[in-house]
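In: the following comprises the amino acid sequence and a computationally predicted model.
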Amino acid sequence: MAARGRCPECGSESLVEDAHYAQQQLVCAACGCVVSEGLLTTTYTDEEHLREVAYSQSTGQKEQQSRCLQRGIRRVQDLCKALQLPAVFEETAVSYFQRALQLPAFHLVSLEKKELLGGCCVLVTCRQHRWPLTMGSVCSLLYAKQELFASVYLSLQQELGLSVPALSMAELVTTHLDSFQLFQPTANIPAAFLEDKEKLLARTMGLVELASEAWLVTGRHPVPIVTAAAFLAWQSLRPSPRLSCPLARFCRLAGLDLPPPAHLRLKELLEILLGMASQLSWLRAFRLDKKTVVKHLGELLQHRLFLLKRAFSQQQQEDMAPSSDSPCQRSPSSAVPQQQGRPSAGKQQQQQHGGTLRPLLPPCLIHPRKRPRAPSAPAVPITGNEPISDSEIEQYLRSPEEMQAFRKAKGWP
């Protein structure tokens, strides 16, 4: 705001009022000379009375918060632009950020958590609008640790009382496959490894649904399952040049970090597929293994409900059936011994396909955690001089009627 008067240094009349850390100053816009200075005041209305107060109670503290708010809003807007989110998402995320900074719970947090607060507001907004966005994607853009980001994310939900729906598997598969680098031709990717995005997405979704029906998803991190399913789907679309490609190389070509449990999820998926393939009569002659079963993935997914139910029901019947060596199964009139060393048809299929099927149960029931047993008390030797409690003594005391009945039973006089 321009003020009247002249600068004593250069004689210019362009004098402006500037609030520097809540201290009102009259500055020359031409040469920068400070013509007059004010005092720290609580509010702008008290500046006329020149009341000296502490800086934490002055208007400078309010301006400091406003600058923090402005930086946070710009950070939220930049993040929304980087993710190419609609304008409605940006407005909602900014409003959440403004509400969060007004709460006392976020006033005294560290600067790192305040910087992550904007990303949490964007993630909450995307989840509420069913926009496929994972926490890992936001953390990679903000160069943040997922543990710290998750703590701020939970605090934001609790303080604002927000209802955030969980990300479904279908949305997670779509988001995860969007980051693959196998859809555009590059110098590092062979032509035989390129794949159509829609075909890979459809087959991966089928495998993830199969894993969910077989209890492979329950209680586990979804990213390793989606990675293993995408790898098998990618191999099945063009088996000849891709069967020799391992999972680690597939992740490098796709530009992904290989999650450690992905090998275990891949092994479990292949066991399920081999069990399902054993139920198709035209596939039994091929002697499929964990590499060649991928060639028939399309047929298995087409009939997955029937094959999955039949494979596991047959396995349960064989597990519940008593052994042929038990005496209750042998007829006394059977004098001809059975052929030894010849397994049943179901066991032959299991041996061809690499072991038995896992039970159709959640992982926590198949491999329960062993709880540590409490240490047992050491055995105390019995000497006969142990004290007898009052309740135990009462068991030995008898009434006169009981003593008479006892003598009568014994035949005593």
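Out: Looks like it arrived, so ask away.

In: pLDDT score for the nearest residue to G206 once chain neighbours are set aside?
Out: Nearest non-adjacent residue to G206, counting by CB to CB, 6 or more residues apart in numbering: L301, 4.3 Å away. C-betas here are computed from N, CA, C, even on glycine. L301 is assigned 89 on the pLDDT scale.

In: how about L301, phi and psi?
Out: Torsion angles at L301 (phi, psi; degrees, to the nearest 10) stand at phi -70, psi -30.

In: any idea how far M205 is from it?
Out: 10 Å (CB to CB, to the nearest Å).

In: try L123
Out: In terms of CB to CB, L123 sits 23 Å off from M205.

In: when those two are compared, which one has more neighbours?
Out: Neighbours were counted for L123 and for M205 using other CB atoms under 10 Å; L123 has more, 24 against 20.

In: list the contacts of the spatially closest residue to that one that is not a sequence neighbour.
Out: Using CB to CB, 6+ apart and skipping residues adjacent in sequence, the residue nearest L123 is V138, 5.3 Å away. Contacts for V138 were tallied using CB atoms under 8 Å, 6 or more residues apart in numbering; they are 79, 119, 122-123, 144, 149.

In: out of those residues, which comes closest to F312?
Out: Distance to F312 across those (CB to CB) is lowest for L123, with 38.2 Å.

In: wait, that closest one touches Y153, no?
Out: Yes. With contacts counted by CB atoms under 8 Å, L123 reaches Y153, the gap being 6.6 Å.

In: common neighbours of those two, please.
Out: Common neighbours of L123 and Y153 (criterion: CB under 8 Å, 6+ apart): M135.

In: look up how far H129 lies from the residue nearest to G206.
Out: Per CB to CB, L301 is found 31 Å from H129.

In: quick one, which of these two is more surrounded?
Out: Under the criterion of other CB under 10 Å, the comparison of L301 against H129 puts L301 first, with 20 against 14.

In: tell me how far the more buried one lies from A230.
Out: Distance of L301 to A230, given as CB to CB: 14 Å.

In: in the stretch 201-350 of the chain, which spans are helices?
Out: For the stretch 201-350 of the chain, the helices defined by DSSP state H, counting those that start in this stretch cover 222-237, 239-242, 247-254, 262-277, 297-302, 304-320, 345-352.

In: where among these is the average confidence lowest?
Out: For those, where the average pLDDT is lowest is helix 345-352, sitting at a mean of 46.

In: skipping adjacent residues, who's closest to L300 in space?
Out: Per CB to CB, 6+ apart, closest to L300 is M276, 5.1 Å.

In: give the contact list for that neighbour.
Out: Residues in contact with M276 (CB under 8 Å, 6+ apart) are 300, 304, 307-308, 311.

In: which among the residues you listed gets closest to R220?
Out: For the contacts of M276, the nearest to R220 is L308 (18.5 Å; CB to CB).

In: per-residue confidence averaged over stretch 179-198?
Out: 88.

In: please disregard the earlier target; I meant stretch 158-173.
Out: The pLDDT scores in stretch 158-173 average 84.

In: stretch 370-387 now?
Out: In this model, stretch 370-387 has a mean pLDDT of 69.

In: please apply the same query to stretch 108-118.
Out: Mean per-residue pLDDT for stretch 108-118: 86.

In: hmm, who's touching that stretch?
Out: Applying CB under 8 Å, 6+ apart, the external contacts of stretch 108-118 come out as 68, 72-73, 75-76, 79, 93, 97, 100-101, 106, 142, 144, 148-149, 152, 156.

In: do the same with stretch 280-300
Out: Here stretch 280-300 makes contact (CB under 8 Å, 6+ apart) with 203, 207, 232-233, 235-236, 239, 243, 270, 273-274, 276-278, 303, 307, 349, 352-354.

In: can I have it written out in CSV, keeping just the CAs?
Out: Provided in CSV are the C-alpha atoms of stretch 280-300 (Å, rounded to 0.1, in the frame of the first residue of the first chain):
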residue,chain,number,x,y,z
LEU,A,280,-9.8,-82.6,-18.1
SER,A,281,-9.6,-85.9,-19.9
TRP,A,282,-8.0,-84.5,-23.1
LEU,A,283,-5.1,-83.0,-21.0
ARG,A,284,-4.2,-86.1,-19.0
ALA,A,285,-2.3,-87.6,-21.9
PHE,A,286,0.1,-84.6,-22.1
ARG,A,287,1.7,-85.3,-18.7
LEU,A,288,1.7,-81.6,-17.9
ASP,A,289,4.1,-80.1,-15.4
LYS,A,290,4.5,-76.6,-13.9
LYS,A,291,5.9,-75.2,-17.2
THR,A,292,3.7,-76.8,-19.8
VAL,A,293,0.4,-76.3,-17.9
VAL,A,294,0.6,-72.5,-18.7
LYS,A,295,-0.2,-73.4,-22.4
HIS,A,296,-3.7,-74.5,-21.5
LEU,A,297,-4.4,-71.6,-19.1
GLY,A,298,-7.3,-70.3,-21.3
GLU,A,299,-9.1,-73.6,-21.2
LEU,A,300,-8.7,-73.9,-17.4
